[in-house]
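S.K.: here are the coordinates; sequence isn't available:
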Ligand code: GLC
Ligand code: CA
């Protein structure tokens with residue numbers, strides 16, 4: 001386990017929309033370098049950068065054409081190496097996005113794989129043995145290559161699935177995941193990882209980490225075996241490198257596959273109630289997000305799913321709660337500023353390694369009805385340029401507005417504006433990260449215990465010697481709780497909360513952290 005991870009607060013950067021330094025309307029790596037002090041000032045100690053590799057950008061870069069080359073629109077490989085170096089000097093770690101399940105259809109491997117004559121890459125993708133075949137629940141494409149067969153997709157049409165084999169092959173063209181022919185794909189993946197780790201990257205956020213072995217068994221044992229093998233090599237050669245999975249199943253990802261952390265997500269049909277979004281049993285999203293001040297939210301719906309998962313991974317890895325990511329609506333779609341403050345406060349004080357998506361710290365809006373860009377569809381409204389100040393294009397780029405990657409939400413706020421207001425969400429987030437960074441009891445694996453987690457009541461929990469109280473409702477609430485040990489003094493608060501005569505009196509929309517006195 002990399003030592004730095006348990007104290008990390010991550011900042012996710014969608015590079016195309018962060019900061020443009022050469023006026024072409026697209027964010028770039030030199031732009032990230034220039035804003036490292038901003039990241040540091042925000043209190044974040046690690047970055048996750050969405051794919052920045054060469055790509056035709058049919059899925060915003062998740063369609064990789066060359067894993068070892070930075071997309072020219074973002075800069076050069078040297079720029080990225082410089083980013084690692086500069087970030088490290090400032091105490092910031094950098095995770096790249098690793099896309100192991102598929103490439104772009106324009107990747108050289110795929111072009112070779114589609115050739116009629118057999119070659120080194122013929123088995124790198126999943127091909128049937130007949131041009132008209134299409135099989136069992138997976139999407140297959142025919143008619144694109146000279147090879148007599150169809151190939152499996154992993155996501156969009158532009159993203160053919162890499163071949164890590166099948167768990168139990170059923171047809172002659174299906175290869176077992178243990179077969180030497182597909183073990184070459186694993187080797188290629190490890191080779192890409194080493195390439196970036198050797199250049200100074202601190203690990204990876206792993207895209208669709210559970211998608212490697214096809215028709216995998218219950219709990220994905222084939223895919224887990226591949227990751228365990230990688231983790232073993234990582235522990236030996238790069239013990240300080242971190243692996244964070246997009247799996248949405250902490251038990252499988254952490255206990256069985258060996259990831260250090262797994263995201264707590266609510267999309268791609270994994271359907272958990274997260275802190276930010278709440279769902280009906282039939283999967284429809286409702287309006288009862290926990291932090292809404294109408295008080296209709298119910299923390300027990302989140303805890304019911306979260307606590308057992310947390311218990312299973314105890315001592316083995318971390319769950320990563322997120323403000324949102326590049327695939328989900330921004331939290332400001334449902335929550336106003338006062339509600340967002342409590343959301344950040346909670347995410348930054350619960351166990352695990354938290355992730356802040358760029359712009360959420362200033363309450364950037366989800367821009368409704370944005371025309372799709374690079375395969376974004378409804379995700380596009382979450383990917384608009386960062387709003388830095390009140391100059392042209394909100395300081396994102398000097399390009400003419402119509403040349404920008406996406407339109408800037410010029411009606412929205414900006415870092416410059418928010419930083420001036422003492423009570424802004426931005427300054428609250430900074431205070432919270434500072435609190436987290438200065439309290440051992442708020443590190444990822446410090447003890448956690450729910451004291452009270454019931455609908456209509458304040459949410460009360462302990463982290464080590466801290467007692468934390470959240471009351472999102474716009475009315476005060478008093479509860480009598482059995483708290484053993486000293487309560488001590490309040491070290492951080494939003495709104496008013498007091499503990500008196502064995503009762504917690506939580507004011508409307510309040511958050512408070514009490515710390516036991518030093519003995
Ligand atoms: C992941 C990414 C998403 C991408 C998909 C295919 O879910 O987060 O943005 O479109 O994988 O790579
Ligand atoms: Ca640029």
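M.R.: That came through fine. All values derive from a computational prediction rather than experimental measurement. Ligands and ions are numbered 1, 2, ... in the order given.
S.K.: State the distance from the spatially closest residue to residue 53 that is not a sequence neighbour to residue 257.
M.R.: Nearest residue to residue 53 in three dimensions, chain neighbours excluded: residue 64, at 4.9 Å (CB to CB, 6 or more residues apart in numbering). Where C-beta positions appear, they are placed from N, C-alpha and C, glycine not excepted. For residue 64, the distance to residue 257 equals 21 Å [CB to CB, to the nearest Å].
S.K.: How about residue 357?
M.R.: 24 Å.
S.K.: Pick out whichever of the two has more residues nearby.
M.R.: Between residue 357 and residue 257, residue 257 has the larger neighbour count (other CB atoms under 10 Å), namely 29 against 23.
S.K.: hang on, that one packs against residue 247?
M.R.: Yes - taking CB atoms under 8 Å as the definition, residue 257 is a contact partner of residue 247 at 7.3 Å.
S.K.: Need the residues touching each of those two.
M.R.: By CB atoms under 8 Å, 6 or more residues apart in numbering, residue 257 and residue 247 have these common neighbours: residue 209.
S.K.: isn't the residue nearest to residue 53 right next to residue 55, touching?
M.R.: Yes - Residue 64 lies in contact with residue 55 (CB under 8 Å); the separation is 5.6 Å.
S.K.: who touches both of the two?
M.R.: Common contact partners of residue 64 and residue 55 (CB under 8 Å, 6+ apart): residue 104.
S.K.: List the buried residues of stretch 379-395.
M.R.: Applying a neighbour-count criterion of 16 or more other CB atoms under 10 Å, one finds 379-388, 393-395 buried in stretch 379-395.
S.K.: Rounded mean pLDDT for that stretch, please.
M.R.: When pLDDT is averaged over stretch 379-395, the result is 98.
S.K.: again with stretch 248-259
M.R.: pLDDT averaged over stretch 248-259 gives 97.
S.K.: Let me know whether that stretch sits next to ligand 1.
M.R.: No - residues of stretch 248-259 are not located near ligand 1 by CB under 6 Å from any ligand atom, the shortest gap being 9.8 Å.
S.K.: Buried ones in that stretch, by neighbour count?
M.R.: Residues of stretch 248-259 classed as buried: 248, 249, 250, 251, 252, 253, 254, 255, 256, 257, 258, 259 (neighbour count, 16+ other CB under 10 Å).
S.K.: which among those gets closest to residue 286?
M.R.: residue 248 (19.7 Å; CB to CB).
S.K.: can you confirm the closest one is in a helix?
M.R.: No - counting by DSSP: H, G, I helix; E, B strand; the rest coil, one finds residue 248 to be coil, located in no helix.
S.K.: Quick check: which element contains residue 174?
M.R.: Residue 174 is part of no helix or strand when elements are defined by DSSP states H and E.
S.K.: Ignore what I typed, I meant residue 95.
M.R.: Per DSSP H and E: residue 95 is located in strand 93-98.
S.K.: Would you indicate which residues of stretch 52-69 are buried?
M.R.: Buried residues in stretch 52-69, counting neighbours by 16+ other CB under 10 Å, are found at 52-65, 67.
S.K.: Those residues in strands, which ones?
M.R.: Taking DSSP state E as the definition of strands, the buried residues of stretch 52-69 contribute 53, 54, 67.
S.K.: any chance of those in a markdown table, with pLDDT and distance to residue 403 too?
M.R.: Shown next, in a markdown table, are those (pLDDT from 0 to 100; distance: CB to CB, whole Å):
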| residue | pLDDT | distance to residue 403 |
| --- | --- | --- |
| 53 | 99 | 23 |
| 54 | 99 | 21 |
| 67 | 99 | 29 |
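S.K.: Closest one of those residues to ligand 1?
M.R.: Ranked by distance to ligand 1 (CB to the nearest ligand atom), those are led by residue 53 at 12.2 Å.
S.K.: who's in contact with the closest residue to ligand 1 within the chain?
M.R.: Going by CB to the nearest ligand atom, ligand 1 is nearest to residue 62 of the chain, at 3.3 Å. Residues in contact with residue 62 (CB under 8 Å, 6+ apart) are 51, 55, 97, 99, 155, 159, 207, 375.
S.K.: returning to that earlier point: make CSV from the ones in strands among the buried residues of stretch 52-69 and add distance to residue 165 to it.
M.R.: Below are these laid out as CSV (distance: CB to CB, whole Å):
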residue, distance to residue 165
53, 25
54, 27
67, 20
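S.K.: State the distance from the residue of the chain closest to ligand 1 to residue 48.
M.R.: 14 Å.
S.K.: same question, residue 447
M.R.: Applying CB to CB, the value for residue 447 to residue 48 is 27 Å.
S.K.: Compare those two and say which is more crowded by neighbours.
M.R.: Using other CB under 10 Å as the criterion, residue 447 and residue 48 rank with residue 48 on top: 25 against 11.
S.K.: tell me the secondary structure for that one?
M.R.: strand.
S.K.: So what pairs up with it in the strands?
M.R.: On DSSP bridges, the residues paired with residue 48 through beta bridges are residue 12, residue 95.
S.K.: tell me the contacts of it?
M.R.: Contacts of residue 48 (CB under 8 Å, 6+ apart): 10, 11, 12, 13, 95, 97, 205, 244, 355.
S.K.: can you check residue 414 too?
M.R.: Residue 414 neighbours (CB under 8 Å, 6+ apart): 362, 387, 388, 389, 390, 394, 395.
S.K.: didn't the last one look like it was pressed against residue 389?
M.R.: Yes - with contact defined as CB under 8 Å, residue 395 and residue 389 form a contacting pair (4.0 Å).
S.K.: Pull the number of nearby residues for the closest residue to ligand 2 within the stretch 401-519 of the chain.
M.R.: As assessed by CB to the ion, ligand 2 sits closest to residue 405 within the stretch 401-519 of the chain, at 8.8 Å. Residue 405 is flanked by 23 other residues according to other CB under 10 Å.
S.K.: tell me the SS of it?
M.R.: Per three-state DSSP, residue 405 ends up coil.
S.K.: from memory it sits against residue 18, does it?
M.R.: No - between residue 405 and residue 18 there is no contact under CB under 8 Å: 10.0 Å.
S.K.: Return the residues of the chain in contact with ligand 2.
M.R.: Within reach of ligand 2 by CB under 5 Å from the ion, the chain has these residues: 20, 22, 24, 26, 28.
S.K.: Out of those residues, list just those in helices.
M.R.: Among the residues of the chain next to ligand 2, none falls in helices (DSSP state H).
S.K.: Using neighbour counts, trim those to the buried set.
M.R.: Buried among these (16+ other CB under 10 Å): 20, 26, 28.
S.K.: can I assume the first one is in contact with residue 28?
M.R.: Translated: residue 20. Yes - using CB under 8 Å, residue 20 is in contact with residue 28, at 6.1 Å.
S.K.: Overlap of the contact sets of those two?
M.R.: Residues touching both residue 20 and residue 28 (CB under 8 Å, 6+ apart): none.
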